[in-house]
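Visitor: Structure for the following, please:
(4 chains)
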Amino acid sequence: MTAPLLVAQAISRRFGGILAVNDFSFEIQPGEVMGLIGPNGAGKSTTFNVISGFYKPTTGKLTFLGEDITGLSAAAISRRGLVRTFQHGSLLREMTVHDNILIGALRAVRDNSGREMRVRETAALLGLGGLLHATAGSLPHGLQRMLSIAIAFAARPKLLCLDEPLTGLNSTEAVAALEVIGRIRDEYETTILLVDHNMRVVMRICDRIAVLNYGQKLAEGTPEEIRNNPDVIRAYLGDGE
Amino acid sequence: MGLIAQLLVNMLQIGAVYVLFALGLTLVFGVMKVINFAHGQFFTLAALMIAVTMPEFTERFGFPAWVDYFVCFALALLTVAILGVVLYFVGFERYLRDLIGSFILSVGLLLLLEGVYLWIFTGAPRVVPKLLTGQVSILGGALETQRLVICGIALAATFGLYQLVNRTKLGRALRAVAEDREAAMLQGIRYRRISFYGFMIGSGMAAIAGGLIAPLTAISPSLGNDYLSKAFIIIIIGGLGSIPGAILGGFLIAAVESFAGYFLDSSYATIAMFMLVMVFLLVRPQGILGHAER
Amino acid sequence: MKPIVKWAAAALMLAAAPAASADEVLKVAVFAPLSGAAAGWGLGAKWVGEQAAKEINDQGGIKAGGKVYKVESIAYENGYNSAEGAKAAQAILNRDGIRFIIQGIGTAPVKALQSLSERQGALMMQVAWGKSVKGPQAPLTFTNSNTPFELFGPLFDLVKKQHPEVKTVALLNPNDATGHEVEEEAEKQYRARGYDIVAVTWYERGTTEFQPIATKLAQTHADMMDLSGAPPGDSGMVYKELAVQGWKGVKMQAAGTGADAMVKVGGDAVEDVYMGNAADFGGPAATPIQRKLNEGALKALNEPLNILQLGAWDGLMAVKAGIEKADSIDPKKVAKVLPTIIFESSYGPTAFGGMETYGYPQQMLVPIIVTQIKHGQTVEIARIIPAELEQRLAKKP
Amino acid sequence: MRSARAGQIVVALAAAAVLAFAVLGDDEYTQHLLMWTALNAVLAVGLRFMLLVGETNIGTGAFYGMGAYMGAICTTKWGLPFPLALLAGGLLAIVVSTGFGLVTLRTKGPYFMLISFAFTEVVRLIYTRVEWLGGNSGIIGIFPPQALDPWMSVLTFLLCGGLILMMYLCEQSNLGRVFRAIQNNDAVVETVGIDVVQIKLVCLVIASFSVGIAGSLHAHIYNVISPGDFSYLVPVFALAYIKIGGDANVMGAVIGAAILTVLAQMLQGMGSLEHVLFGGAIVASMLVLPDGLLGGGRRLLRLFSRGRA
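Guide: All right, here's what the predicted structure looks like:
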């Protein structure tokens, strides 16, 4: 096995008196799709924000590609190849689809013609090829979600972190989205971290899953192992979700 | 000792009016996300109305001065309320939560209203007749009785607003909207109605401050400008939208004005205040009691 | 160069005009703050300028070069700052082609106007106090009311005589051009008379809360407070606070221009304040013209007339006399004759002088009026005719 | 869309022709009116530049004033050549805005707005207390070299036009796209590796540089400056220009500056009504024409063309 892409060592994050994430450790291996699940308020989003540099961890250490990235800004982390999306539509609403994706490619590609190619390729991959001149805010919800992935993926990250990418999609859209995520991993050799509370989806696409509950890691393993883990069933599936 | 007491008394008295003025501004911001540059115009209008109507009253009815004062005060509040309703429905309602749009609108109103006041009331300073005579001494610091009473009323009004916001249903709705509009709306709070109430209460605070300052100062159409820039500093220091912050900030600025004004020079006191803001910013960009912006 | 060409062209056209008709209009400008905190002064000057123009027109206009000119006085907003002043200056000189400014108020805008008016050869009457606005380098600029350089000496002598016990003085002035110039002259004149100056303090114009300032002044325990350059409303506030804090002493507002607002604001606390630049134009010492104007101002502006506003009248009268003497509406010719003539101002016969102080005779010699507030009224206690004017009038055939 | 742009270019060319005629004309007053318009246009475009990243920079007034004071000192006190005085105004604005931005750009929205307001006011107060800067009476006698007199208006136009063009080109470039992206959603911009605070700083510095040069020009056109000229009302009026002309593009700011500058000048001599009419113009345009005259005109055109189709 090669060296892990991202190593989180005992990260914690405190807000005032509340410990949102507590002593959470995990690793992400190159080329895999890792899932992060847990009930509402389990600390998924906080973990996400800590990894991507939006929050500084209160304690703990983050290593990406062998480099210590603890405490770096979001932009600096992104430039090293770890790019995220947001749970709530993360678009530049008043700008065109083209310009949205271009912003994503701006840092990663140096010359203008290269950027144009990158925009077209990314748009085509995410099913936005014919909509380059549409205004982002006017797109239907499903396409908006695709666009927010497109922005992040235009940077061609090594690790793409998707925060609930399927929320609000109907089943056809969700299937299409999963297929695209699969292609991003296979054709572009991108590692993916996926947060979602839709268990079924996560189980279907992920190679490995970590489960959070009350800010602490409850379990980690293959979808099969997770599905049969009694703690998970009690904490997560047990409440009927 | 007498000097320090005098400076402290000055601070309390100046601070009480600053707090009232700034509270209104911060409340309007909290609820509407509007920084109302025309806030001082409500303040000025109330003071001008009292200064204009009171002599008429005294001449016609011959009640004691303080009776006339309260009647005219009520009249001034009514005038401001009418102006507030007009401005809200004609203007501000269209620019709710639009920081830049509402800023330009309110700046236009600032110029327009100042010009209109100057036109109607002329530029000559006016004064309100003395309400109470005599003076009192607190710990060796001298103060007019009238000032003491007005300071008391201002503190009571501040306390009243605090209670209103903390204890009543309307107050809870105002706070909920200020903190998280979407969540408040999900709970069935009607945003437009609440923002109207917030605007009227905030403007009313300015009018009360103006009415209270009327017997203590010379009143001219540009009276509100001095208070406005100080109120901005107060609400930055206290945190935008924070009511306890405005109270703390108001007294802090009054302290700087009172003490730095004595030990340095009153023009340096103004510079000192701005410097204070810059330093605050380095340490706490969100103000003393403000929430971090996200 | 261009304006001169244009001016010559205009003169040519005037000369070519077949017959002298009474329809010629001479526009003159009042240049003053018409909005903001100092609006009161400007609105008053505007009104006085209009009255003076009406008076001249009623008496048949100004006669020069075989023509009769009707006068029109137009007020321009100078915003009390130099940028607005410079804009108004362009409007006055280049847009409206006005060559005579009968009253300019506010040091910063007056300087802005002056830099253009001197260059373009327009004549300006103004009230800014600074020595820097006058002198041989500015031969077209005239001052139409007394400044601290004329006032303070006679005023302080008089007060020293009445209050020999006073040893210490504290000064308060607004922190602006005017305030600084007043303070400098006051300090000099006080020291020359052996006073001990215990405090020199400043405040920002537009201040509304005077308690801290008064506290500071009261702590100096000075025998006399001089609030020289402060506007009357402000000094009323300060004296009121001083009284609350138990200060008792001689009250002075050496450059004070009006008592009305001070009395309104200060009440009993401003009793006995001395003022050097105020007048009671409704009182017995005033001339009939002054009394008439004062009554009109009370009606039109709700405020009694002050000396600065009256300057617009005297400014226009001086311009009229100058034009008629020079028999020309060329401002440069008018400026040349002004220091040589004696003309009728609202105070009576008046002339220009001030060679000794400014190096150029461009100061209108009007009486120094010393007033004191008694029972809430401005009472004139002395009207001192400048020595220079007395000499000039005596020389007159 | 293409025809709209072509239309704009035609309008711009026509306007330029009229202006050139007026500039080359010999009426000094018209020339000054045009120079004031040019300065105000730079102010409006400079303020709008920062609005592209979503921030209201009332500090524009302070940087304009610094440029003016720096320029005035260079010519009157140090006897430096005029072009150096212009450049020095811009450079000082760059230096100070960098420091100011590093401290304040961590805040945004209303905080940044009020802090920049406080900054403008404190800088103005400091001028009044510094004797060397002329205190409250300011500095007089700031003249460009006499040889430049007949060329001053042309020079002003070229320089202001150049500054506006520079900002326009920045806006049209990828940098401008990033500005707009930050205004839309700064978190997204951060996630793709772009340092938002750094970009905002670049934006502030470019705008301040332009405004600083314009300030130095102001000092030499007005010949006199005083602290009162650089209050928070400078950017407030600039905002009005933007809003009245229309904030969708640079032309709106320029047109707004032209209209209001001329209007304000026409009101000269009308006495105290100036404030009423000026404030009234702002309020009325906010209530009746929220997209400004350009936006309103465009809407009219659209209605018209629809009616014909």
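
Visitor: Counting neighbours, what do you get for the residue in the stretch 201-309 of chain D that chain C sits nearest to?
Guide: Per C-beta to the nearest C-beta, residue D:228 is where the stretch 201-309 of chain D lies closest to chain C, at 3.1 Å. Heads up, the C-betas are built off the backbone N, CA and C, glycines and all. Per other C-beta atoms under 10 Å in any protein chain shown, the neighbour tally for residue D:228 reads 26.

Visitor: residue contacts, the closest residue in space to it that isn't next to it in sequence?
Guide: Nearest non-adjacent residue to residue D:228, counting by C-beta to C-beta, 6 or more residues apart in numbering or on different chains: residue C:81, 3.1 Å away. Counting by C-beta atoms under 8 Å, 6 or more residues apart in numbering or on different chains, residue C:81 touches C:108-109, D:226, D:228-229.

Visitor: Repeat that for residue D:228.
Guide: Residue D:228 touches C:79-83, C:108, D:124, D:136, D:138, counting by C-beta under 8 Å, 6+ apart.

Visitor: Now pLDDT too, for those residues, in JSON lines please.
Guide: As requested, the contacts of residue D:228 are exported to JSON lines (pLDDT from 0 to 100):
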{"residue": "C:79", "pLDDT": "84"}
{"residue": "C:80", "pLDDT": "83"}
{"residue": "C:81", "pLDDT": "84"}
{"residue": "C:82", "pLDDT": "87"}
{"residue": "C:83", "pLDDT": "87"}
{"residue": "C:108", "pLDDT": "85"}
{"residue": "D:124", "pLDDT": "91"}
{"residue": "D:136", "pLDDT": "79"}
{"residue": "D:138", "pLDDT": "88"}
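
Visitor: Make JSON lines out of the residues you listed and add secondary structure and distance to residue C:341.
Guide: Listed next are those as JSON lines, based on DSSP: H, G, I helix; E, B strand; the rest coil; distance: C-beta to C-beta, whole Å:
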{"residue": "C:79", "secondary structure": "coil", "distance to residue C:341": "34"}
{"residue": "C:80", "secondary structure": "coil", "distance to residue C:341": "33"}
{"residue": "C:81", "secondary structure": "coil", "distance to residue C:341": "35"}
{"residue": "C:82", "secondary structure": "helix", "distance to residue C:341": "33"}
{"residue": "C:83", "secondary structure": "helix", "distance to residue C:341": "36"}
{"residue": "C:108", "secondary structure": "helix", "distance to residue C:341": "31"}
{"residue": "D:124", "secondary structure": "helix", "distance to residue C:341": "44"}
{"residue": "D:136", "secondary structure": "helix", "distance to residue C:341": "36"}
{"residue": "D:138", "secondary structure": "coil", "distance to residue C:341": "35"}
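
Visitor: Now distance to residue D:159 too, for the residues you listed, in CSV please.
Guide: Formatted as CSV, these follow (distance: C-beta to C-beta, whole Å):
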residue, distance to residue D:159
C:79, 26
C:80, 29
C:81, 24
C:82, 22
C:83, 19
C:108, 26
D:124, 25
D:136, 29
D:138, 23
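
Visitor: and which of those residues is nearest to residue A:30?
Guide: residue D:124 (58.7 Å; C-beta to C-beta).

Visitor: Not counting sequence-adjacent ones, nearest residue to residue C:166?
Guide: Closest to residue C:166 by C-beta to C-beta, 6+ apart is residue C:223, at 4.3 Å.
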